[in-house]
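Student: model this:
(3 chains, ligands or ions: 3)
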Amino acid sequence: MKLIMAVIQDNDAGRLMEALSRKKFGLTRLASTGGFLRSGNTTLMIGVEDERVEELLGIIEKTCKPRKKIVTPLPAGPADAYVPYPVEVTVGGATLFILDVERFVKV
Amino acid sequence: MKLIMAVIQDNDAGRLMEALSRKKFGLTRLASTGGFLRSGNTTLMIGVEDERVEELLGIIEKTCKPRKKIVTPLPAGPADAYVPYPVEVTVGGATLFILDVERFVKV
Amino acid sequence: MKLIMAVIQDNDAGRLMEALSRKKFGLTRLASTGGFLRSGNTTLMIGVEDERVEELLGIIEKTCKPRKKIVTPLPAGPADAYVPYPVEVTVGGATLFILDVERFVKV
Ligand code: NI
Ligand code: NI
Ligand code: NI
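Tutor: Residues are numbered from 1 along each chain as shown, chains lettered A, B, ... in the order given. Ligands and ions are numbered 1, 2, ... in the order given. Alright, predicted model coming up:
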């Protein structure tokens, strides 16, 4: 059994949790902020049998892989003083710590 | 030294934390949601000496073991259109990951 | 690679996170309450290469070491019935669990 501490972007959290629960992976979501990724991250604690680790990593890579996105920033000042233009940003990414579980207990 | 990541129901959190602190177990409570158990869970991070693991598991089992409970749901529609009746639900349960601590430091 | 779960006081969190990011340590902050330290704690999850563990511990010790502080409590009752006087309290402290990371993955 492994315990994976996965730090992902808030934006990807909903889709990843849905994908993982469809495949019956057990997880819980911890409230987290700052750090490994740009602001707005989520830490998932995922328990996984040794033989399903690669399958799990595949789902995380597919769902969270960094990608370009065009966003139009909101004007920071008066609307007529500044016309915002679209910019390309990178979203996604994941930082995973895979820990060995010495013992797994369900009550 | 072991570090136990324990996912329990919110409902059991207060009683378990009280029972553990009475026995001088060190713990901290992480905000968590969804996943391993029905909605409304809490993750406790508990540090424990190797020789007290069984004692700790005994307390968690006693406090969090799944049990039946009769609840009367609130009416979902207009009160006169629907008379709610009591239903039996299962509450409690715990999912525990026991990790080996390579080194424990107190500052 | 090690994963360090560090429980520190809320008061020290800002200064520690700043000191660690200046030295390029990767971390995320988990919302946590109660337990190992007096009320108001923060749990940091810090990933660190084996060869930088001592450097990291040095920073945490320097930033979070317990120290005396003089505080003047707010009056608990009517102001004229009770004149609060300054008291010395101990702040700071940290509890660290160092875990071995079996595998570290960045997506
Ligand atoms: Ni295993
Ligand atoms: Ni040990
Ligand atoms: Ni290592």
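
Student: show me what from chain A comes close to chain B.
Tutor: Residues of chain A lying close to chain B by CB under 8 Å from any CB of the partner chain are A:1, A:3, A:17, A:26-31, A:45, A:47, A:99-107. Bear in mind the C-beta positions are built from the backbone N, C-alpha and C, glycine included.

Student: try 6 Å
Tutor: A:3, A:26-31, A:99, A:101-103, A:105-107 (CB under 6 Å from any CB of the partner chain).

Student: and those residues near chain C, which?
Tutor: The subset of these within reach of chain C, by CB under 6 Å from any CB, is A:30-31, A:99.

Student: quick revisit: now, which of the residues of chain A next to chain B lie within helices?
Tutor: Members of the residues of chain A next to chain B lying in helices (criterion: DSSP state H): none.

Student: tabulate these in TSV, adding columns for neighbour count.
Tutor: Formatted as TSV, those follow (neighbours: other CB atoms under 10 Å in any protein chain shown):
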residue	neighbour count
A:Leu3	20
A:Gly26	17
A:Leu27	21
A:Thr28	23
A:Arg29	21
A:Leu30	23
A:Ala31	14
A:Leu99	22
A:Val101	20
A:Glu102	15
A:Arg103	14
A:Val105	16
A:Lys106	11
A:Val107	18
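
Student: list just the nearest of these to B:Pro86.
Tutor: A:Val107 (25.7 Å; CB to CB).

Student: is the closest one in contact with B:Glu61, as I believe?
Tutor: Yes. Shown here, A:Val107 and B:Glu61 form a contact pair, counting by CB atoms under 6 Å, at 5.2 Å.

Student: sitting in strands, which of the ones next to chain C among the residues of chain A next to chain B do you find?
Tutor: A:30-31, A:99 (DSSP state E).

Student: could you point out where chain A is predicted with low confidence?
Tutor: Scanning chain A for pLDDT under 70 picks out A:34-39, A:74-83.

Student: ok, the residues of chain A next to chain B vs C:Asp10, which is closest?
Tutor: For the residues of chain A next to chain B, the nearest to C:Asp10 is A:Ala31 (14.5 Å; CB to CB).

Student: give the contact list for the closest one.
Tutor: Listed by CB atoms under 6 Å, 6 or more residues apart in numbering or on different chains, the contact partners of A:Ala31 are B:31, C:31.

Student: show me the helices in chain A, by range?
Tutor: A:10-22, A:53-64.

Student: what would these look like in a markdown table with mean neighbour count and distance to C:Asp12?
Tutor: As requested, the helices of chain A are exported to a markdown table (neighbours: other CB atoms under 10 Å in any protein chain shown; distance: least, CB to CB, whole Å):
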| stretch | mean neighbour count | distance to C:Asp12 |
| --- | --- | --- |
| helix A:10-22 | 16 | 26 |
| helix A:53-64 | 17 | 31 |
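
Student: now the ones you listed as CSV including distance to C:Pro66?
Tutor: Below are those laid out as CSV (distance: least, CB to CB, whole Å):
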stretch, distance to C:Pro66
helix A:10-22, 35
helix A:53-64, 40
